[in-house]
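Peer 1: Mind looking at a prediction? Sequence and model below.
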Amino acid sequence: MRLVLASASPSRRMILNSAGVQPLLRPTQVDEEAIAASLGNAPAGEVVAALAQAKADAVAAEYPDDVVIGGDSMLLLGDKLQGKPLTVENTIQRWREQAGATAELLTGHCIIYGEQRVLETTRTTVTFAEASETDIIAYARSGEPLHCAGAFTLEALGGWFIDRIEGDPSSVIGLSLPLLRRALYSFGLDVSQFWES
């Protein structure tokens, strides 16, 4: 039995690797904009959960005897839900808005094992530093935050610009180990059976 990660996220893979697991990587493409649009004015937590579910569902049929994990993260700043900035210009603008602010990083998880599934969104409060304009531009130009929810990482260069988090740090990086552990237990599985020997 394997953990199958329906994601191309190097951060999610790194979390599992650090926790002793070599997941089978099966990244999938879903139309995130269409899924979010179909939900209308749904609460932010439902949006990220739906995106995670779409990714897990796209892969799960191929791996009925394995545990499939889909995930998606977005930053809720005020009432605005933000995904990946994708460009240097968007990243700079986002950081000008979020520097010194507090926001919620929402991570949707869909974990499937056969007919069983856990669908849940974790919420972690993130307080951003009052980063200087020079550092904001340098960080954006580094390329690191372009494909990250909320235009930041916790575990790399972005760590310089995060003053505080309240909640699950692994969830901010992209995958909640506590939530995954609870899901595995609910399926009658143990975490240790997925560790590399």
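Peer 2: Happy to help now that I have it.
Peer 1: Do you know the pLDDT at residue 10?
Peer 2: Turning to residue 10, the model gives it a pLDDT of 88.
Peer 1: Quick check: it vs residue 196, distance?
Peer 2: To residue 196, residue 10 is 18 Å away according to C-beta to C-beta, to the nearest Å. Placement of C-beta: from N, CA and C, glycine included.
Peer 1: Quick check on those two: which one has the bigger neighbour count.
Peer 2: Between residue 10 and residue 196, counted using other C-beta atoms under 10 Å, residue 10 has the larger neighbour count: 12 against 7.
Peer 1: Residue 127 versus that one, what's the distance?
Peer 2: Distance, residue 10 to residue 127, using C-beta to C-beta: 25 Å.
Peer 1: Same check on residue 147?
Peer 2: 23 Å.
Peer 1: which residues does residue 166 contact?
Peer 2: Neighbour list for residue 166: 124-125 [criterion: C-beta atoms under 8 Å, 6 or more residues apart in numbering].
Peer 1: And the pLDDT at it?
Peer 2: pLDDT recorded at residue 166 is 96.
Peer 1: Pop out the phi and psi values for the residue nearest to the spatial centre of the chain.
Peer 2: Note on the chain: the residue nearest the mean C-alpha position is residue 174, at 3.2 Å, using C-alpha atoms, centre = their mean. Backbone torsions of residue 174, given as degrees, to the nearest 10, read phi 140, psi -10.
Peer 1: same thing with residue 178?
Peer 2: Dihedral angles of residue 178 (phi, psi; degrees, to the nearest 10) stand at phi -60, psi -40.
Peer 1: Would you state the helices of this structure in chain order?
Peer 2: In the chain, the segments counted as helices under DSSP state H are 10-18, 32-38, 44-60, 88-98, 133-142, 169-173, 177-186.
Peer 1: which strands and helices sit next to the fifth one?
Peer 2: Counting contacts by 3 or more C-beta pairs under 8 Å, 6 or more residues apart in numbering; DSSP states H and E, the secondary-structure elements packed against helix 133-142 are helix 88-98.
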